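Trainee: Everything below, folded, please.
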Amino acid sequence: MTQVTTQKMTQDELKAMVGRAATEYVQPRSVIGVGTGSTVNCFIDALAAMPQRVKAAVSSSEQSSERLRRHGIEVVDANSVSALAVYIDGADEIDHAGNMIKGGGAALTREKIVADLAGRFVCIADASKLVTVLGRFPLPVEVIPMAAAQVARLLRGLGGEPALRAGVVTDNGCHIIDVRGLSITDPAAMEREINQWPGVVSVGIFARNKAGVCLLGTPQGVRTLAF
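Mentor: As a prediction, this is how the structure comes out:
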């Protein structure tokens, strides 16, 4: 029990560290994009502690929107902005070219929308998320419910092992299929392929909207990767 608690505290400290580091990429009075997840929660807390606040934020999930509002940070609709200075979000996996797997928190579609508005994507993660080839983390695919079985069959055709994420309905009213067993050696090609299937809302490969910078939390401090 002691070992588990110590590890958890260490991970929390790493997340807080990269969350604070990400504020260096935020300009006061700007409108920024904010992602979803436990590491992003640390960023939101650090954002609220900045001496000069941001003007507003576009959020990728209801959970993040609620946390931002609790800190007194205005949340605006994505349709009200034409561009964002920066988007800060985590990743379930990131490779050495900045391609990512995202969607463990079931917000992948909204994350892609916000990322597409941003001039720069800053990924915040701990060092365990850095991989040589994407696919160790199950690939999330958001689907319209009536298409779930057909999309699962197509994913098996790619060599994956799809499974519907039990009890999960996204903020968009859709389902998530998690795909295990893939080795994603060409993230951009697989993203294009899966995105064109009828019923797919979005796939959790971020190659078109990959990270420009990654801040990795390590025991030695924050490691910065630029792509």
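Trainee: can you list the domains in this structure?
Mentor: 2-131+208-226, 139-204 (automatic domain parsing).
Trainee: Output the ones you listed as CSV; include the columns mean neighbour count and mean pLDDT.
Mentor: Just so you know, the C-beta spots here come from the backbone N, C-alpha and C atoms, and that holds for glycine as well. Below are the domains of the chain laid out as CSV (neighbours: other Cβ atoms under 10 Å; pLDDT from 0 to 100):
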stretch, mean neighbour count, mean pLDDT
domain 2-131+208-226, 19, 93
domain 139-204, 18, 98
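Trainee: What about the closest residue to P145 other than its chain neighbours? Give its phi and psi, please.
Mentor: The shortest distance from P145 to any non-neighbouring residue, by Cβ to Cβ, 6 or more residues apart in numbering, is to H175 (5.3 Å). With angles defined as degrees, to the nearest 10, H175 sits at phi -110, psi 160.
Trainee: contacting residues around H175?
Mentor: Applying Cβ atoms under 8 Å, 6 or more residues apart in numbering to H175 gives the contacts E142, V143, I144, P145, A148, L164, R165, V168, V169.
Trainee: And for I176?
Mentor: G103, A106, P140, V141, E142, V143, L164, R165, V168, T170 are the contacts of I176 under Cβ under 8 Å, 6+ apart.
Trainee: Do I have it right that A56 meets V75?
Mentor: Yes. Between A56 and V75 a contact is recorded at 6.9 Å, counting by Cβ atoms under 8 Å.
Trainee: thinking again about what came up before, ok, of the contacts of I176, which one's closest to Q196?
Mentor: Each of those was checked against Q196 using Cβ to Cβ; the closest is V141, at 12.5 Å.
Trainee: Show me the strands in the protein, by range?
Mentor: 31-34, 56-59, 87-89, 93-94, 100-101, 121-126, 139-143, 161-164, 175-180, 200-203, 205-206, 213-218, 221-226 (DSSP state E).
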